[in-house]
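In: Sequence and predicted structure, then a few things I'm wondering about:
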Amino acid sequence: MSSTETRHAGMLPGGPGESIQVVVASDEEFETKDMTLSIGPQHPSTHGVLRVVLTLDGEIIKDAIPVVGYMHRGFDKLAEARDYRQIVALSNRHDWLSAFGNEIGVVLAAERLMELEVPARATWIRMLMCEWNRVLNHLMFIGSFGLELGAMTPIFYAFREREEIQALMEMATGARLHYTYCRVGGLKEDLPKGFIQRSASLVKIIRSRMADYEGLLLGNEIFKKRTVGIGRLDPQVALEYGVSGPILQATGVAEDARKTEPYLFYDQVEFDVPVGANGDSYDRFHVLYLRVLESLKIIEQIHSKIPAGPIMPGKMPKNLKPPAGWTYVRTENSLGETGYYVVSRGGTEPWRFKMRTPSFHNVSMIPELLRGVLLPDLISVLGSVFFVVGDVDR
Amino acid sequence: MIFEHFFNDPWVILGLKLAAVLGLFLTLPLIVGYGEHKGLAHMQSRFGPMEAGKFHGWAQLIADGVKFIQKEDIIPEAADRKVFAMAPAFALLPVMLTFLVLPFGPGLAGDEANGFFGENMDLSLFFVLAISAVGVIAMLMAGWSSANKFALIGAIRGAAQLIAYELPLVLAAGAVAMQAGSVSLVDIAAAQSDQLWFVVPQFAGFIIFIMASLAELSRPPFDMPIADSEIIFGHMTEYTGLRFALFLLAEYAGIVALAAVATVLFLGGWNAPPLLDISFIPAPFWTFAKIGALAFVIIWLRATYPRLREDQLQKMAWKFLIPASLIQILATGIFKVAF
């Protein structure tokens, strides 16, 4: 008779009831078994509903499978049933941390299809909002990465800053999260009085406060111990997976759609693309931090460059009907490259609307980083592969 | 006349002392907990509790306690019910017993057996160190009986951490005991009344003791056993209501207990700071003030540092803290023999 008996076998690893699987082994053949641990979809470290099924040997991760789709809302299909105005509002939602960065691509695509000339003032204001949104997004991740590593203070500092940026953006757009400020052809309305002054003083405040994060995280011995050399990403692997944004830049590849294929007026401002050397968690975080400083630099240049003028091009038709054709718009969103593939057949709705979102590609690379690291480093890796689950699933 | 007789009855004195110890046990952790709420909040540009009890939310923890009592007491179906239910008691009792021997003030003149302490045990230092290690059994009980993988990982981490850090803790305390020539907490505190506080000659020991205490208490930056972003809440993941509250009470009581031991061993116990003539302030005030200061440092560290990794923590204990504390003992021994 076999001395090894398995009860309740054959269940999905990490699925319901999996924890009551009991293996009774005899004294002679005491074998160790890998533990399957399901992190998420409800777990405090996955900010959102990403699930990672881990195979653990002790605390060493032998394999990791990200399970996505818990938040799938069928964005592509929804977009095909709405006109371009409505898609602007829709695209605000999937990556709620860079709402403005998302909507910009939708209007750019529609404008390219219609060959519309956007007033210079509107384009500069769009850029200004894009960069503020980027700062807003990066601050969130700077704070949450610290929190995941057990440092609880940075997130509160980040929210202190975010509160002021949100108030600024609310001043112009009327919203704090889902701005819907863009219109095909221009903007919803002009900037209110005193916006530029307030924005300029806020740049100075944020820049002076960035030193707090440097002291609390970047310069912290324990933070370095937890991140330096952890989750090293090879640039070649990163490119193969289509990784973009701060995670790609941390591996040393200076790829940024704002530089390589400038849209809006990014070719008229000066900024650097920060790159890392090792592609580890520390570099990813450091690049994110430097990107905030670069964005602040861009914002300051925009302040002096916004011209006077209209924000919409003359009279626009009530029903937007882009002529038949297709276009692909590349934008450097907060978390990486966001692409919009739009096919029009001349109707008010796009015939096909496909989005390429950075989080999806960045998350698909996670198993490469997780194999062989310790369970606590899962946090250091997951937290530094900055993603928004809505942006993964759409 | 009759009262004099009443207060000379050893049973009455014992009862009063136990009541006082219990009172301290129930109030000091709450004060530290409230201090943590407010201290952390103000370090993080927040207010912290502001509503409960009107004045700066002073009654927040009492309100929390009432809330915990009302919560449903959930025991997971797959849990080992008896062990699961007993674990919080095993966490709380050892800390409670340490309060019995903590000296908050000197013995009374002419009656050395009585004073501001529950019991002047000859081996009180050993007693405290030994009994505080029992807490790990509660952790293992809770982790194992919860039938939860996260709880199990947390419990194993906690046990490993305790084994590693008990050693430097005992060695650092041992060096102090050598210098004081006693293992009674009361005697050690008294020994510092006419000489330099031991924090000066034993500075390395003091740092080692505080670090090891943090690890024993699973406080940041050594809170891997309950690392909330990795393993939810470690061994406490499945606990709710009052049982969970008891675990938390044990944690904060542990802060008070180890801060009190550190105060006695290194910071002169109840003795007023030297060179100041402020003898009109009663001795226990100094003990409480020093405990408060140490508790503040522990809270401060929580606001500042991320969490270390379990293996890095182990490396630090075995490769750095234990050798350092052995050197401290060696130095103390040489000092004792030579002078």
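Out: Cool, the structure landed.

In: Could you check how many residues crowd around the closest residue to residue A:253 other than its chain neighbours?
Out: Counting by Cβ to Cβ, 6 or more residues apart in numbering or on different chains, residue A:253 lies nearest to residue A:235, which is 5.2 Å off, once chain neighbours are set aside. Using the backbone N, CA and C atoms, a C-beta is placed for each residue, glycine as well. Residues near residue A:235, counting by other Cβ atoms under 10 Å in any protein chain shown, number 16.

In: Please name the residues that touch residue A:235.
Out: If you count contacts by Cβ atoms under 8 Å, 6 or more residues apart in numbering or on different chains, residue A:235 has them with A:248, A:251, A:252, A:253, A:279.

In: And it, how close does it get to chain B?
Out: 26 Å (Cβ to the nearest Cβ, to the nearest Å).

In: now the helices for the stretch 1-150 of chain A?
Out: Counting by DSSP state H, counting those that start in this stretch, the stretch 1-150 of chain A has these helices, from start to end: A:75-80, A:84-94, A:99-114, A:120-148.

In: Out of those helices, which gets nearest to residue B:302?
Out: Relative to residue B:302, the nearest member of the helices of the stretch 1-150 of chain A by Cβ to Cβ is helix A:120-148, separated by 12.5 Å.

In: Same question for that closest one: list its buried residues.
Out: A:120-148 (16 or more other Cβ atoms under 10 Å in any protein chain shown).

In: ok now stretch B:290-305, how far from the chain's centre?
Out: The gap between where stretch B:290-305 is centred and where its chain is centred comes out at 12 Å by Cα atoms, centre = their mean, to the nearest Å.

In: Show me what from the stretch 51-200 of chain B comes close to chain A.
Out: Proximity of the stretch 51-200 of chain B to chain A is assessed by Cβ under 8 Å from any Cβ of the partner chain, with B:78, B:147, B:148, B:149, B:153 identified as the residues in range.

In: Am I right that the third one is in contact with residue B:234?
Out: No: here residue B:148 does not reach residue B:234: they are 9.9 Å apart, not a contact under Cβ atoms under 8 Å.

In: Please render the residues of the stretch 51-200 of chain B next to chain A as TSV that adds distance to residue A:81 and secondary structure to the earlier fields.
Out: Putting these into TSV (distance: Cβ to Cβ, whole Å; DSSP: H, G, I helix; E, B strand; the rest coil) gives the following:
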residue	distance to residue A:81	secondary structure
B:78	46	coil
B:147	47	coil
B:148	44	coil
B:149	43	helix
B:153	47	helix
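
In: Return the members of those classed as buried.
Out: Applying a neighbour-count criterion of 16+ other Cβ under 10 Å, the buried members of these are B:147, B:148, B:149, B:153.

In: residues near residue A:273, how many?
Out: For residue A:273, the number of neighbouring residues by other Cβ under 10 Å comes to 17.

In: Hmm, it is touching residue A:257, no?
Out: No: with the criterion set as Cβ under 8 Å, residue A:273 and residue A:257 do not qualify as a contacting pair; they are 10.3 Å apart.

In: Which pLDDT does the model give the residue nearest to residue A:253?
Out: We note a pLDDT of 89 for residue A:235 in this prediction.

In: next one: the one 3 residues further on
Out: Reading off the per-residue confidence, residue A:238 sits at a pLDDT of 88.

In: For the residue nearest to residue A:54 when sequence neighbours are not counted, which residues are in contact?
Out: Computed as Cβ to Cβ, 6+ apart, the closest residue to residue A:54 that is not its neighbour in sequence is residue A:37, at 4.7 Å. Neighbouring residues of residue A:37 by Cβ under 8 Å, 6+ apart: A:14, A:53, A:54, A:56, A:375, B:149.

In: Greatest separation within those: which pair is it?
Out: When the contacts of residue A:37 are compared pair by pair using Cβ to Cβ, the maximum separation belongs to A:14 and A:375, at 14.3 Å.

In: for the helix or strand where residue B:215 lies, which positions count as buried?
Out: Here residue B:215, judged by DSSP states H and E, is contained in helix B:203-217. Along helix B:203-217, these residues count as buried under the neighbour rule (16+ other Cβ under 10 Å): B:204-217.

In: Using JSON lines, lay out those together with distance to residue B:45 and pLDDT.
Out: Below are the buried residues of helix B:203-217 laid out as JSON lines (distance: Cβ to Cβ, whole Å; pLDDT from 0 to 100):
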{"residue": "B:204", "distance to residue B:45": "35", "pLDDT": "87"}
{"residue": "B:205", "distance to residue B:45": "36", "pLDDT": "87"}
{"residue": "B:206", "distance to residue B:45": "32", "pLDDT": "90"}
{"residue": "B:207", "distance to residue B:45": "30", "pLDDT": "91"}
{"residue": "B:208", "distance to residue B:45": "33", "pLDDT": "91"}
{"residue": "B:209", "distance to residue B:45": "32", "pLDDT": "91"}
{"residue": "B:210", "distance to residue B:45": "27", "pLDDT": "91"}
{"residue": "B:211", "distance to residue B:45": "28", "pLDDT": "89"}
{"residue": "B:212", "distance to residue B:45": "32", "pLDDT": "90"}
{"residue": "B:213", "distance to residue B:45": "29", "pLDDT": "89"}
{"residue": "B:214", "distance to residue B:45": "25", "pLDDT": "89"}
{"residue": "B:215", "distance to residue B:45": "29", "pLDDT": "87"}
{"residue": "B:216", "distance to residue B:45": "31", "pLDDT": "85"}
{"residue": "B:217", "distance to residue B:45": "27", "pLDDT": "84"}
